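Engineer: pasting the structure only:
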């Protein structure tokens, strides 16, 4: 099995990726984001992100029910089904799903954020959390019958609520459940960059040790990404490629040596 | 198998219907609309329906790509996944799908509408059509493994495009494919009404002959509904109930004699 993770940036060449999928022999699962689309729809609907500051000084995005509505419209609705449509137009029999469908991606809801409001300390609880496991039953049923699952957020919590989550963590849980041979991740850069402002600083190959060294040097988003890659490696042996999703043939290029190889 | 069709009106008591589902013994497929939600989102996004007048004088809604986007956000995204979430909260393992997922509902795209524009006659083609068949493969896989499929528009055309379609026609194709024992349809009225302005005029029982007689007397939406019911009856024998979706226990009531029984 190949897991293909597609970032939610506006510059990703989705038709190019789907076109390349036609030549793929192995069964595959697609996981995608839609953050650019979500932000666009949320702005039009005048529903900006709610940010709260915790008592310990960290800013967090609050996934209230309105934020989940935005995710359902953009990720589960528009983006997911337009990818399925692209696949169907190319003769690929895709099935679009979220983590709540068939309880596919089960998560644990976050306990809440401690905030100060009106002189009091409150716990603000939202609809977000961490995926704990992927139930492979439905995925196997689909893969064994020739369907291509196309997966996105939200995932489901212990009670059944739709909750927001990180796609990187979902991919790790997917890998635990399916033990993928290859994991391709498309981003809006030629690969993992040592210097985020310099595309020529792309790593061509990273071992687990390299990931650890780089992680200690890095900060912010890159640090989180490196940590996610380490966890992914630990979830099972696989060829992991982080590659450019903006080219003409992103998947063909990624399978032929482009991007950052992690193994 | 029971097919449950849920109208897209704002007054439908969805939590009540899902609560009643828990007591259901038979496998079931849910088909739902979302027109009230679609209109609300389209208004907020300032994306009103496009209406064109054909050369023969009929007004039609044009399902352009923006209209399909609205359907994907409201039907496939928000409404479908919130129903799945309600089911999951009640311990019902629902899987939300559109007709394009797994090419579940295959349709034929409309040929286009002849319109006059700037002194010329043009053919305006949109993304709408009629469902021709339901591929039961994916549905059977889900039903046989204890999942409850929750289905909505769009459906897929001959090429793979997502197209708009009538839920009544989809239910007929579903019935052809699954040969349902019961078909329950929830609307915002106590059942089929002889006089649309008088809820006391609810038919309690209609035979095929009654449907034909009433159809000749009726016009507009009611006439279309009666014709759809006749087609549904012709697709296979089933107990068809059209019942109120607004009550406290809509499904329990419909299974215990409320609404209009057609057989």
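Structural biologist: That came through, no problem. The structure presented is a predicted model; accordingly, all values stated were derived computationally and were not measured.
Engineer: What are the boundaries of the helices in chain A?
Structural biologist: Using DSSP state H, the helices of chain A run over A:14-21, A:35-44, A:65-71, A:80-89, A:136-144, A:167-178, A:208-217, A:220-234, A:250-255.
Engineer: In TSV, list those along with distance to residue B:8 and mean pLDDT.
Structural biologist: Any C-beta I mention is one placed from the backbone N, CA and C, and that applies to glycine too. Formatted as TSV, the helices of chain A follow (distance: least, Cβ to Cβ, whole Å; pLDDT from 0 to 100):
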stretch	distance to residue B:8	mean pLDDT
helix A:14-21	29	97
helix A:35-44	20	95
helix A:65-71	17	97
helix A:80-89	17	98
helix A:136-144	27	96
helix A:167-178	31	96
helix A:208-217	49	89
helix A:220-234	40	88
helix A:250-255	38	96
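Engineer: Go through those and name the closest to chain B.
Structural biologist: Proximity to chain B, assessed across the helices of chain A by Cβ to the nearest Cβ, is greatest for helix A:80-89 (3.5 Å).
Engineer: Spell out whether that closest one and chain B are in contact.
Structural biologist: Yes: Helix A:80-89 reaches chain B (Cβ under 8 Å from any Cβ of the partner chain) through A:80-82, A:84-85, A:87-89.
Engineer: Most neighbours of all those, which one?
Structural biologist: residue A:84 (32 neighbours; other Cβ atoms under 10 Å in any protein chain shown).
Engineer: Pick out the residue in chain A sitting closest to chain B.
Structural biologist: residue A:77 (2.1 Å).
Engineer: List the contacts of that residue.
Structural biologist: B:72-78, B:80-81 (Cβ atoms under 8 Å, 6 or more residues apart in numbering or on different chains).
Engineer: Looking at those, which one is closest to residue A:99?
Structural biologist: residue B:81 (10.2 Å; Cβ to Cβ).
Engineer: Verify the stated contact: the closest one with residue A:99.
Structural biologist: No: Residue B:81 is beyond contact range of residue A:99, at 10.2 Å (criterion: Cβ atoms under 8 Å).
Engineer: so what's the most centrally placed residue in chain A closest to, chain neighbours aside?
Structural biologist: Centroid-nearest residue in chain A, with Cα atoms, centre = their mean: residue A:167, separated by 2.5 Å. Leaving aside its sequence neighbours, residue A:167 sits nearest to residue A:33 (Cβ to Cβ, 6 or more residues apart in numbering or on different chains; 5.4 Å).
Engineer: how much space is there between the one you found and residue B:187?
Structural biologist: Distance, residue A:33 to residue B:187, using Cβ to Cβ, to the nearest Å: 38 Å.
Engineer: ditto for residue A:191
Structural biologist: Counting by Cβ to Cβ, the gap from residue A:191 to residue B:187 is 55 Å.
Engineer: Which positions in the stretch 1-150 of chain A make contact with chain B?
Structural biologist: Checking the stretch 1-150 of chain A against chain B by Cβ under 8 Å from any Cβ, the hits are A:41, A:44-45, A:69, A:72-78, A:80-82, A:84-85, A:87-91, A:93-98, A:100-103, A:137-138, A:141-142, A:145, A:147.
Engineer: Need the buried ones from those selected in ChimeraX.
Structural biologist: To isolate the buried members of these in ChimeraX, using 16 or more other Cβ atoms under 10 Å in any protein chain shown:
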select /A:41,45,69,72,73,74,75,76,77,78,80,81,82,84,85,87,88,89,93,94,95,96,97,98,100,101,102,103,137,138,141,142,147
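Engineer: residues in contact with residue A:184?
Structural biologist: Residue A:184 neighbours (Cβ under 8 Å, 6+ apart): A:2-5, A:240-241, A:243, A:251, A:254-255.
Engineer: try residue A:87
Structural biologist: A:18, A:21, A:93-94, A:148, A:150, B:160.
Engineer: Could you identify which of those residues has the most neighbours?
Structural biologist: Within those, most neighbours by other Cβ under 10 Å means residue A:94, with 27 neighbours.
Engineer: Touching, residue A:4 and residue A:31? I think so.
Structural biologist: Yes: contact status for residue A:4 versus residue A:31: in contact at 7.2 Å, counting by Cβ under 8 Å.
Engineer: if you count what's nearby, which of those two comes out ahead?
Structural biologist: Per other Cβ under 10 Å, whichever of residue A:4 and residue A:31 has more neighbours is residue A:4, with 27 against 22.
Engineer: Give me the pLDDT for that one.
Structural biologist: We have a pLDDT of 98 for residue A:4.
Engineer: burial count for the residue nearest to residue A:167?
Structural biologist: 23.
Engineer: gap between it and residue B:17?
Structural biologist: Residue A:33 is 33 Å from residue B:17, by Cβ to Cβ.
Engineer: Could I get the contacting residues of the residue nearest to residue A:167?
Structural biologist: By Cβ under 8 Å, 6+ apart, the neighbours of residue A:33 are A:6-9, A:75, A:79, A:152, A:167.
Engineer: ok, the spatially closest residue to residue A:134 that is not a sequence neighbour - contacts?
Structural biologist: Excluding the flanking residues, the one nearest residue A:134 by Cβ to Cβ, 6+ apart is residue A:177, at 3.9 Å. Neighbour list for residue A:177: A:133-136, A:139 [criterion: Cβ under 8 Å, 6+ apart].
Engineer: Where do the strands of the stretch 51-200 of chain A begin and end?
Structural biologist: Ranges of strands within the stretch 51-200 of chain A are A:59-62, A:94-98, A:105-109, A:113-117, A:120-124, A:129-134, A:148-152, A:155-156, A:162-163, A:182-187, based on DSSP state E, counting those that start in this stretch.
Engineer: Return the angle between stretch directions for the third one and strand A:94-98.
Structural biologist: Per axes from the mean of the first three to the mean of the last three Cα atoms, to 10 degrees, the angle that strand A:105-109 makes with strand A:94-98 is 20 degrees.
Engineer: How far off centre is strand A:105-109?
Structural biologist: 15 Å (Cα atoms, centre = their mean, to the nearest Å).
Engineer: quick one: that strand to strand A:129-134, angle?
Structural biologist: 140 degrees.
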